[in-house]
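Q: sequence unknown, structure follows:
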């Protein structure tokens, strides 16, 4: 939705300016474009979506492997293997999020005149 919002508002801003729409309307649409672009930069929804899809697929496969075992084979070792995958996916998600947060540039302080 963020990508579509950014694309849509950016495109409509150009059209509004070309059609000589009132300045307040063009500014309002351009403000929406800035908002969606900022959301995209701030939260990186595209990369988060990919990571979430990978995690979901890994968990789905691990659960399928467990559920496809015959009932007598769903013992402590099988449950422990499933638990291990759950914990690995959780740790990977946390690590990826943490790394993404660490890659954001620190805001620079304004220069002070001496």
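A: Received the coordinates, thanks. These figures come from a predicted structure and were not determined experimentally.
Q: hey, let's count contacts and neighbours off CA atoms from now on
A: OK.
Q: what sits against the closest residue to residue 5 other than its chain neighbours?
A: Ranked by C-alpha to C-alpha, 6 or more residues apart in numbering and with sequence neighbours excluded, the top spatial neighbour of residue 5 is residue 36, at 6.0 Å. Neighbouring residues of residue 36 by C-alpha atoms under 8 Å, 6 or more residues apart in numbering: 2-3, 5-6.
Q: repeat for residue 93
A: By C-alpha under 8 Å, 6+ apart, the neighbours of residue 93 are 51, 55.
Q: buried residues, stretch 14-34. List them.
A: For stretch 14-34, a neighbour-count test (16 or more other C-alpha atoms under 10 Å) marks 16, 26, 29-30, 32-33 as buried.
Q: how about residues contacting it?
A: 5-10, 12-13.
Q: separate out the buried members of those.
A: 5-6, 9-10, 12-13.
Q: let's see which of those end up in helices.
A: Counting by DSSP state H, these place 5-6, 9-10, 12-13 in helices.
Q: among those, which one sits closest to residue 65?
A: For these, the residue nearest residue 65 by C-alpha to C-alpha is residue 5; the value is 39.5 Å.
Q: just the buried residues of the lengthiest helix in the chain, please?
A: Counting by DSSP H, the longest helix found in the chain is helix 76-102. For helix 76-102, a neighbour-count test (16+ other C-alpha under 10 Å) marks 82, 85-86, 89, 93 as buried.
Q: quick one: average pLDDT of it?
A: Taken as a whole, helix 76-102 carries a mean pLDDT of 87.
Q: now swap in stretch 5-13 and tell me
A: Stretch 5-13 comes out at a mean pLDDT of 85.
Q: centre of the chain to it, how far?
A: Relative to its chain's centre, stretch 5-13 lies at 20 Å (C-alpha atoms, centre = their mean, to the nearest Å).
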